[in-house]
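Q: Turn this into a model:
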Amino acid sequence: MKLENQVVSLELSVKIHNLGITAPSLFYTDSSKSKNDEIEMWDKPDYCPDNINRYTVAELGEMLPRNVYTTKMHDEWQVDWDNGYDEPTWKYISCNTEANARAKMLCFLIENGIIKL
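A: Residues are numbered from 1 along each chain as shown. From the prediction side, this is the model:
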């Protein structure tokens, strides 16, 4: 599997970076002006404010709350969030890769003040 399919797209990575998420990642791109396939790897997970972290599915899973569920539906990945109340509020996001679907959900939860990192 190509590395580009295992990490968040550059566009979503820039959005996550602009939301102020500073969690370390094993992969990064030098800047938001780099091409999507210019992914580099740290010797160990790190964060540098000059780089754009390219989070993996596992790294995103650690940032997301427990009430987020990921499933594969045909050719798309579906991510659901349940607020856990008697009358649940659901948010459903689908995307072509699991990393992008989880990244979109993370952005939604942060932008709506549901979680803080």
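Q: for the record, mean pLDDT for the strand or helix carrying residue 104?
A: Per DSSP states H and E, residue 104 falls inside helix 98-111. Here helix 98-111 scores 91 as its mean pLDDT.
Q: And that helix, what does it pack against?
A: helix 10-18, helix 57-63, strand 68-73, strand 76-82, strand 90-95 (3 or more CB pairs under 8 Å, 6 or more residues apart in numbering; DSSP states H and E). C-betas here are computed from N, CA, C, even on glycine.
Q: Pretty sure residue 7 sits against residue 98.
A: No: with contact defined as CB atoms under 8 Å, residue 7 and residue 98 do not form a contacting pair (10.5 Å).
Q: Point out where the protein drops to low pLDDT.
A: Within the chain, the set of residues satisfying pLDDT under 70 comprises 1, 32-37, 84-90.
Q: tell me the centre residue of it?
A: Most central in the chain under CA atoms, centre = their mean is residue 103, positioned 2.5 Å from the mean C-alpha point.
Q: Can you name the residues that contact it?
A: Neighbouring residues of residue 103 by CB atoms under 8 Å, 6 or more residues apart in numbering: 8-9, 12-13, 15-16, 55, 60.
Q: do residue 104 as well
A: Counting by CB under 8 Å, 6+ apart, residue 104 has contacts 12, 79, 93, 95.
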